[in-house]
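Novice: Coordinates for the following, if possible.
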Amino acid sequence: MFSTPFILSFSLLLSLPIIFFLLAPTLNPHPPPPISLPDELDDLRLFHRATTPSFASSHLSSSSSPKIAFLFLTNTDLHFLPLWNRFFRTAKTSHYNIYVHADPTVNITRPQNTVFDDRFIPNAKRTFRASATLISATRRLLATAILDDPANAYFAVLSQYCIPLHSFNYIYRSLFTSKNFDLTSNSDPESSGLTQYGARVKYKSFIEIVSKEPRLWKRYVARGRFVMMPEVPFEEFRVGSQFFVLTRKHALLVVKDRTLWRKFKLPCYRADECYPEEHYFPTLLSMQDPNGVTHYTLTRVNWTGTVAGHPYTYKPKEVSAKLIHELRKSNDSSSYLFARKFSPDCLRPLMRIADSVILRE
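Specialist: Numbering: from 1, shown residues only. Predicted structure coming up:
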């Protein structure tokens, strides 16, 4: 006759494979490698240069215009390059700059005879989804754009799956001169004031910041229950889209940060709850300058039917003028300016309606 302790121990032993099977999806058997020390030091040198006084401030004069820095983060070819090329075709070169961070471990086609020529930054490094490498890549883009041109006043982060929803001129006017684009700041009389150079005296960064989300606690403890303390208490932890439009002031704030970065670069032990790129930027800006940001994004994303953390992906048969008009609708601003996520084979139908719908003034 077997004793009760023996039976319990034997039952527990038999149950271990079942427990492992049930937990396997939540554990991270192959976590991305940590950011190497050489890469970290290389970034720190870049960030230090970008935040020195000679580069940190904007040096606009009466003869120069503020620019939008378009920052593309990609690990594949730029699927909608022809559409973006047409988008920039009508823009003044004195109004924008383009920077592309392409994963150097991937064979990515470098475009020729387009506005993207020579716009791939040389210090790009490998990126992994749902890892701190995406934070580093974005900070790298911001720092490079800060150093490159003191006229860069807004910094728009995009991916290879993003498309514009309006013409360049519409987007430029919305960010720099429109008095009523931001519907949430109508009560602020200063927000509509203009400088002598045609840009608002006060303008905010457009970044989504959400404080109430069902899975926020699980995301917070993904590295361990107390790992984020004391720098990031749970009450200050935020979530939001990693695609945003920052002012130069906030781009510098992101590049200067060392304190929160030390926490967010730590690896997670839960793969299904680890999306540091969705938390670092909204948490940092919410803690440092909550009144200087809009708390909403200008990039429309459809989270209906999300799969494995990916948003809904539009297919070619769905592309239409009706879809574009629907994607533009926003409760916070006059319109969304960008949208994602579109499958690469959407290019042809998008180009068919580019001039008549998407880029029409």
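Novice: now the host helix or strand of residue 252, how far from the centre of its chain.
Specialist: Element membership of residue 252 [criterion: DSSP states H and E] is helix 248-256. Helix 248-256 sits 14 Å away from the centroid of its parent chain (Cα atoms, centre = their mean, to the nearest Å).
Novice: Contacts for that helix next, please.
Specialist: Residues outside helix 248-256 that contact it (Cβ atoms under 8 Å, 6 or more residues apart in numbering): 47, 50-51, 56, 58, 138-139, 142-143, 145-146, 152-155, 205, 207, 246, 281, 284-285, 288-289, 292-293. Using the backbone N, CA and C atoms, a C-beta is placed for each residue, glycine as well.
Novice: Take these and keep only those in strands.
Specialist: 152, 153, 154, 155, 205, 207, 246, 293 (DSSP state E).
Novice: Could you tell me the model confidence score at the closest residue to the last one other than its chain neighbours?
Specialist: This means residue 293. Of all residues not flanking residue 293 in the chain, residue 205 sits nearest, at 4.7 Å (Cβ to Cβ, 6 or more residues apart in numbering). Note on residue 205: pLDDT of 97.
Novice: Same question for the one 4 residues further on.
Specialist: Here, the pLDDT recorded for residue 209 equals 98.
Novice: Quick check: it vs residue 288, distance?
Specialist: Note on residue 209: its distance to residue 288, by Cβ to Cβ, to the nearest Å, is 12 Å.
Novice: More neighbours: which of these two?
Specialist: residue 209 (21 against 15; other Cβ atoms under 10 Å).
Novice: do you know how far that one is from residue 120?
Specialist: Distance from residue 209 to residue 120, by Cβ to Cβ: 31 Å.
Novice: the helices in this structure, which residues?
Specialist: In the chain, the helices defined using DSSP state H lie at 4-23, 37-50, 53-56, 81-89, 133-148, 168-176, 216-220, 248-256, 259-264, 280-288, 321-328, 347-352.
Novice: Dump the ones you listed into CSV; add distance to residue 161 as well.
Specialist: Listed next are the helices of the chain as CSV, based on distance: least, Cβ to Cβ, whole Å:
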stretch, distance to residue 161
helix 4-23, 32
helix 37-50, 25
helix 53-56, 31
helix 81-89, 12
helix 133-148, 14
helix 168-176, 18
helix 216-220, 23
helix 248-256, 22
helix 259-264, 24
helix 280-288, 19
helix 321-328, 13
helix 347-352, 11
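Novice: Can you lay out the ones you listed as a markdown table showing mean pLDDT?
Specialist: Supplementary listing: these in a markdown table, determined by pLDDT from 0 to 100:
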| stretch | mean pLDDT |
| --- | --- |
| helix 4-23 | 46 |
| helix 37-50 | 96 |
| helix 53-56 | 73 |
| helix 81-89 | 97 |
| helix 133-148 | 97 |
| helix 168-176 | 97 |
| helix 216-220 | 95 |
| helix 248-256 | 97 |
| helix 259-264 | 97 |
| helix 280-288 | 98 |
| helix 321-328 | 98 |
| helix 347-352 | 98 |
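Novice: show me what contacts residue 257?
Specialist: Applying Cβ under 8 Å, 6+ apart, we find residue 257 in contact with residue 284.
Novice: go on, residue 341?
Specialist: Residue 341 sits next to 159, 161, 162, 301, 302, 310, 311, 312, 313, 314 when contact means Cβ under 8 Å, 6+ apart.
Novice: if you set the cut-off to 7 Å instead, what comes out?
Specialist: Residues counted as contacts of residue 341 (Cβ atoms under 7 Å, 6 or more residues apart in numbering) are 161, 311, 313.
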